[in-house]
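Undergrad: sequence first, then the predicted structure, then my questions.
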Amino acid sequence: MTPLARLAAAVSLLAELEAAPRRPADAVANDFFRARRYIGGGDRRAVSERAWTVVRERLRLDWHLARAGARPTARLLLAAHMLLVEGGRLPGVDAAFSGEGYAEPRLTPEERRVLAQLEGQPLIHPEMDEATRLNLPGWAMDGLRSRFGEALPQAAAAMETGAPLDLRVNLLRTTREAAAKALAAEGIATEPTAFSPWGLRVADRRPILNTRAFQDGLVEIQDEGSQLIALLADARPGMKVADYCAGAAGKTLAMAATMANRGRIAALDVSAPRLTGAAKRLRRAGVDNAETHLLEAGDRWVKRRAGNYDRVLVDAPCTGTGTWRRNPDARLRTTGEDYAELITKQRAILDKAASLVRPGGKLIYATCSVLPGEDEEQVRDFLDTHADFEAVPLAQAWAEAGMDGTPPGEGAHMALAPHSHGTDGFFAAVLRRRS
Ligand SMILES: C[S@@+](CC[C@H](N)C(=O)[O-])C[C@H]1O[C@@H](n2cnc3c(N)ncnc32)[C@H](O)[C@@H]1O
């Protein structure tokens with residue numbers, strides 16, 4: 001593809017993203033390229049990268065276009081990106097929208113009028129409101145201010161950087177040292193993670209899916225913060241454990257390892273496709289103490305097992321604000337209404353999952369959000385209405401999980417963030433059911 005044809009393809013991809021604002025961007029992109037198999041690997045990467053750079057700056061580009069009285073069309077967004085982010089000038093944009101061959105049609109007079117207003121403006125404009133300046137959606141600002149206080153600008157900047165690639169070593173198959181050696185032999189350099197005793201951080205985010213080490217199940221891709229949640233669950237050999245929102249089983253796998261494959265784990269979820277994926281991953285990792293169960297309306301599975309579980313992990317569906325550096329489109333997709341609905345949903349899930357915990361057992365509530373409304377406030381509301389549960393302070397939960405030294409964070413619960421811990425943003429609270 002010529003550079004101008006790539007640009008035109010990026011405009012088409014952006015238009016498809018625009019037409020499906022509620023779908024994850026990578027799913028839309030997969031469909032886009034599947035329908036255009038003639039686009040080869042290198043072109044595909046170039047087209048996606050171009051579209052992602054626009055998505056990453058979307059809130060600020062929208063602001064500039066609105067100020068110039070324009071709607072954010074795919075063409076204008078891309079052209080605005082060329083001017084405001086890449087430092088281009090209008091004649092360069094005109095040349096890129098040449099109308100020749102596979103290039104985009106020429107700019108209309110109205111598009112040129114809008115773009116002329118943007119030319120030479122700084123991307124971060126002095127008249128911008130704080131949320132747009134920090135590349136954050138307005139609905140999340142109260143929560144983010146309350147979480148980060150004066151560190152909000154640093155926290156927001158860290159949410160704009162790329163996320164590292166972390167691996168969890170599968171202790172059922174190997175040790176951290178041996179896994180690092182096996183990866184190094186395949187040209188993948190890693191560093192041990194700062195907090196997780198099972199983690200390796202891959203240098204330069206080199207792809208690992210085709211390595212022998214990955215295919216043999218020696219390592220799994222899992223952010224260090226996510227590993228720490230599984231660690232705080234303190235699941236031990238012989239226990240009965242429920243992973244209530246198991247999804248693709250990221251944490252089930254980690255807990256199976258701390259249980260040395262002994263005892264039972266029930267991986268529960270309301271999504272059949274996720275549980276199918278989970279079962280596949282469990283097999284590849286050599287886990288044989290876990291079973292999956294699909295939770296359906298009217299299901300009596302939970303009722304029948306009330307008070308039976310030593311550990312219940314609730315990795316609740318949430319806004320995902322902690323993963324914005326990884327999924328830049330998520331900050332555009334989620335709304336204030338979603339946030340409110342999720343809080344209600346989390347409360348119901350927590351309530352139901354709590355009934356599984358045996359006296360003396362632990363309930364671990366976790367999210368990949370940094371918003372107190374779905375984190376500390378959710379836990380506070382739960383404790384207010386469940387007198388039979390008490391919070392286990394983080395330092396104690398860390399020690400009970402067999403960890404030396406100080407845990408990441410202080411206070412009652414674990415709250416991680418990219419700027420302070422180098423992990424995604426995660427929250428975890430350990431609650432104990434009184435005996
Ligand atoms: C944050 S994801 C879990 C990720 C997973 N624990 C992992 O580590 O890979 C939240 C999961 O909750 C599930 N979920 C949503 N509503 C639920 C409900 N009412 N009961 C149980 N699971 C639910 C979703 O299908 C999703 O898989």
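TA: That came through fine. Residues are numbered from 1 along each chain as shown.

Undergrad: can you give me the helices for the stretch 251-400 of the chain?
TA: 272-284, 301-304, 330-333, 336-354, 376-385, 394-400 (DSSP state H, counting those that start in this stretch).

Undergrad: next, the buried residues of the fourth one.
TA: Along helix 336-354, the positions that meet the burial threshold by neighbour count (16 or more other CB atoms under 10 Å) are 339, 342-343, 346-347, 349-350, 353-354. Heads up, the C-betas are built off the backbone N, CA and C, glycines and all.

Undergrad: in a markdown table, list these along with pLDDT and distance to residue 397.
TA: Shown next, in a markdown table, are those (pLDDT from 0 to 100; distance: CB to CB, whole Å):
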| residue | pLDDT | distance to residue 397 |
| --- | --- | --- |
| 339 | 97 | 27 |
| 342 | 98 | 24 |
| 343 | 98 | 24 |
| 346 | 98 | 20 |
| 347 | 98 | 22 |
| 349 | 98 | 21 |
| 350 | 98 | 17 |
| 353 | 98 | 18 |
| 354 | 98 | 17 |
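
Undergrad: quick check: residues of the chain near the ligand?
TA: 226, 244-251, 269-271, 274, 295, 315, 317, 349 (CB under 6 Å from any ligand atom).

Undergrad: any chance of a PyMOL selection covering the buried ones in those residues?
TA: Here is the PyMOL command that selects the buried residues among the residues of the chain next to the ligand (16+ other CB under 10 Å):
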select buried, resi 226+244+245+246+247+248+249+250+251+269+271+274+295+315+317+349
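
Undergrad: ok, residue 411 - contacts?
TA: 393-394 (CB atoms under 8 Å, 6 or more residues apart in numbering).

Undergrad: can you tell me the helix or strand for the residue of the stretch 51-200 of the chain at minimum distance from the ligand?
TA: Closest approach between the stretch 51-200 of the chain and the ligand, counting by CB to the nearest ligand atom: residue 168, at 10.6 Å. Secondary structure from DSSP states H and E places residue 168 in strand 165-169.

Undergrad: that strand - contacts with which helices or strands?
TA: Using 3 or more CB pairs under 8 Å, 6 or more residues apart in numbering; DSSP states H and E, the elements in contact with strand 165-169 are helix 176-185, strand 199-202, strand 219-221, helix 224-232.

Undergrad: try 7 Å this time
TA: Strand 165-169 is packed against strand 199-202, strand 219-221, with contacts defined by 3 or more CB pairs under 7 Å, 6 or more residues apart in numbering; DSSP states H and E.

Undergrad: next one: that strand to chain centre, how far?
TA: Mean-position distance between strand 165-169 and its chain equals 15 Å (CA atoms, centre = their mean, to the nearest Å).

Undergrad: just give the strands next to it in its sheet, each with its orientation.
TA: strand 199-202 (antiparallel), strand 219-221 (antiparallel) (DSSP bridges).

Undergrad: list the buried ones in the shortest one?
TA: When you say that, I think you mean strand 219-221. Of the residues in strand 219-221, those buried (16+ other CB under 10 Å) are 219-220.

Undergrad: got a list of contacts for it?
TA: Strand 219-221 is contacted by residues 165, 167-170, 179, 200, 213, 253, 285 when judged by CB atoms under 7 Å, 6 or more residues apart in numbering.

Undergrad: avg pLDDT for that strand?
TA: Averaged across strand 219-221, pLDDT comes to 95.

Undergrad: ok, which stretches of the stretch 1-150 of the chain are helices?
TA: For the stretch 1-150 of the chain, the helices defined by DSSP H, counting those that start in this stretch cover 3-19, 25-34, 41-56, 58-67, 74-84, 90-96, 109-118, 130-133, 141-148.

Undergrad: using CSV, lay out the ones you listed together with mean pLDDT and mean neighbour count.
TA: As requested, the helices of the stretch 1-150 of the chain are exported to CSV (pLDDT from 0 to 100; neighbours: other CB atoms under 10 Å):
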stretch, mean pLDDT, mean neighbour count
helix 3-19, 95, 20
helix 25-34, 94, 15
helix 41-56, 94, 18
helix 58-67, 98, 19
helix 74-84, 98, 24
helix 90-96, 96, 15
helix 109-118, 98, 16
helix 130-133, 98, 17
helix 141-148, 97, 17
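
Undergrad: so for residue 419, which of those helices sits nearest?
TA: Counting by CB to CB, residue 419 lies closest to helix 141-148 out of these; the figure is 8.2 Å.

Undergrad: what is that closest one packed up against?
TA: helix 152-158.

Undergrad: check the offset of the helix it packs on from the chain's centre.
TA: With CA atoms, centre = their mean, you get 17 Å for helix 152-158.

Undergrad: of the residues of the chain next to the ligand, which belong to strands?
TA: Those of the residues of the chain next to the ligand mapping onto strands are 269, 315, per DSSP state E.

Undergrad: quick one: contacts for the closest residue in space to the residue of the stretch 51-200 of the chain closest to the ligand that isn't next to it in sequence?
TA: For residue 168, ignoring the flanking residues on the chain, the nearest one in space by CB to CB, 6 or more residues apart in numbering is residue 222 at 4.3 Å. Applying CB under 7 Å, 6+ apart to residue 222 gives the contacts 166, 168, 250, 254.

Undergrad: kindly report the same for residue 367.
TA: Applying CB under 7 Å, 6+ apart to residue 367 gives the contacts 316, 318, 374-375, 427.
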